[in-house]
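Participant: the following block contains a protein sequence and its predicted model.
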Amino acid sequence: MLEPAIIDRIRHIFLHPRPHVSIHQATVLLGWTPRQMSEAIDSGEVELMTTPVGKWFWRHELIAKALEMCPLHQIEEALGSDADHALPHVLRTEELRVRLPRHQIAMLEYRAKQDETTVSGVLERELDGIASAHVEELSEALPEFAAAMEWPDEELAAIAC
């Protein structure tokens, strides 16, 4: 179960109606320190939007960072009934039951504990790695795959200020 403060931050990130937030607000929403934000900006890890009134943090950047930090099933849980319109259908989670050797189950549980996540979170990251390695083939074979891999950039970058 997620802490109420994390649920609030996730809900704000995914349900925020504007295409951008201030750098300070993004820092708070991501749970970063000002130094972490400065380092991310300086290294190009995040991209800012510059306007005549200042620099802004794109909403799709916030979503991408939230997806890196929190497993999708926990984001869905935090969004509750709002997940239906906040997340594309292709990214909504489903339960999958598998049978694995016990040593692999123990390994997944160990990695989850080490990474302070869930077994689903560990598997999600590993499967993202496989997806990235085979993105061209999978995009051709699976109709919605390319859109899932590009989200949130494709959808949210088009929103006008």
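Facilitator: All right, it came through fine.
Participant: and stretch 77-96, what's buried?
Facilitator: Across stretch 77-96, burial judged by 16 or more other CB atoms under 10 Å covers 77, 78, 79, 83, 86, 87, 91, 93. (Each C-beta comes from the backbone N, C-alpha and C, glycine too.)
Participant: do the same with stretch 15-29
Facilitator: Applying 16+ other CB under 10 Å to stretch 15-29 flags 16, 19, 20, 21, 23, 26, 27, 29 as buried.
Participant: as CSV, those residues with distance to residue 116 would be great.
Facilitator: Formatted as CSV, those follow (distance: CB to CB, whole Å):
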residue, distance to residue 116
16, 26
19, 31
20, 29
21, 26
23, 26
26, 22
27, 21
29, 19
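Participant: distance between the ends of stretch 79-89?
Facilitator: 14 Å (CA to CA, to the nearest Å).
Participant: centre of the chain to that stretch, how far?
Facilitator: Relative to its parent chain, stretch 79-89 has a centroid offset of 13 Å by CA atoms, centre = their mean, to the nearest Å.
Participant: of the buried residues of stretch 77-96, just say which sits nearest to residue 131.
Facilitator: Checking the buried residues of stretch 77-96 against residue 131 by CB to CB gives residue 91 as the nearest, at 12.2 Å.
Participant: skip the chain neighbours and tell me the closest residue to the closest one.
Facilitator: residue 148 (5.8 Å; CB to CB, 6 or more residues apart in numbering).
Participant: mind listing what's buried along the one helix or strand residue 61 maps to?
Facilitator: If you go by DSSP states H and E, residue 61 is part of helix 59-69. Within helix 59-69, the residues that qualify as buried by neighbour count (16+ other CB under 10 Å) are 59, 60, 61, 62, 63, 64, 65, 66, 67, 69.
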